[in-house]
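[1] Sequence first, then the predicted structure, then my questions.
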Amino acid sequence: MKKWLLMIALLFLVHNTAKSQVKEALQLATLSPTLIVASSDIKNYKKMHYTLSTVTYLGSYMITDSIWKSAAITLAMGVGKELVYDRLLGRGEPLWEDMKWNTLGVAQGVVFTVSLRF
């Protein structure tokens, strides 16, 4: 009888550990599009917009702990960069395509943070 109870307790512990490892693996898999974009032959500035938006979103999420606030902060920073740095300072050309890549980076961050809640 003791042997069976020990076996059940051991299986329960192994099952919970395996379940949490699968959960962590799935959460990391949600970040795989970032790796695909980084290793692709997409133009470098598009990769930079995507990656910086993802990192900015995740950083602001760690501070605010709010999906919507973090998305708003990150998109506001992207718009600010396009309007102030590119347009007003004349250091680049403001493009809607840059904002598309910023939005995709924010979406990637949202998918990751939503996966953390499950």
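    Structure received.
[2] What are the structural domain limits within the chain?
    Domain ranges of the chain: 1-30, 32-116, per automatic domain parsing.
[3] in the protein, which spans are helices?
    2-29, 32-39, 44-64, 67-80, 96-116 (DSSP state H).
[4] Would you mind pulling the contact partners of the second one?
    In other words, helix 32-39. 47, 50, 51, 54, 108 (C-beta atoms under 8 Å, 6 or more residues apart in numbering). C-betas here are computed from N, CA, C, even on glycine.
[5] Need the pLDDT of the third one.
    So the one you mean is residue 51. pLDDT, residue 51: 87.
[6] Equivalent analysis for the last one, please.
    At residue 108 the predicted local confidence, pLDDT, stands at 91.
[7] so it touches residue 56, yeah?
    No - look at residue 108 against residue 56 with C-beta atoms under 8 Å: they stay out of range, at 11.4 Å.
[8] Distance from the chain centre to stretch 34-54, please.
    Mean-position distance between stretch 34-54 and its chain equals 13 Å (C-alpha atoms, centre = their mean, to the nearest Å).
[9] Could you do stretch 109-118 as well?
    With C-alpha atoms, centre = their mean as the basis, stretch 109-118 stands 8 Å off its chain's centre.
[10] Using PDB, write out every CA atom in that stretch.
    Extracted in PDB, the C-alpha atoms of stretch 109-118 (Å, rounded to 0.1, in the frame of the first residue of the first chain):
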ATOM      1  CA  GLY A 109       4.500  41.400 -27.200                       C
ATOM      2  CA  VAL A 110       0.800  41.200 -26.500                       C
ATOM      3  CA  VAL A 111       0.700  37.500 -27.600                       C
ATOM      4  CA  PHE A 112       3.600  36.700 -25.300                       C
ATOM      5  CA  THR A 113       2.100  38.500 -22.300                       C
ATOM      6  CA  VAL A 114      -1.300  36.900 -22.800                       C
ATOM      7  CA  SER A 115       0.400  33.500 -22.900                       C
ATOM      8  CA  LEU A 116       1.900  34.300 -19.400                       C
ATOM      9  CA  ARG A 117      -1.600  34.400 -17.900                       C
ATOM     10  CA  PHE A 118      -2.500  30.800 -18.900                       C
END
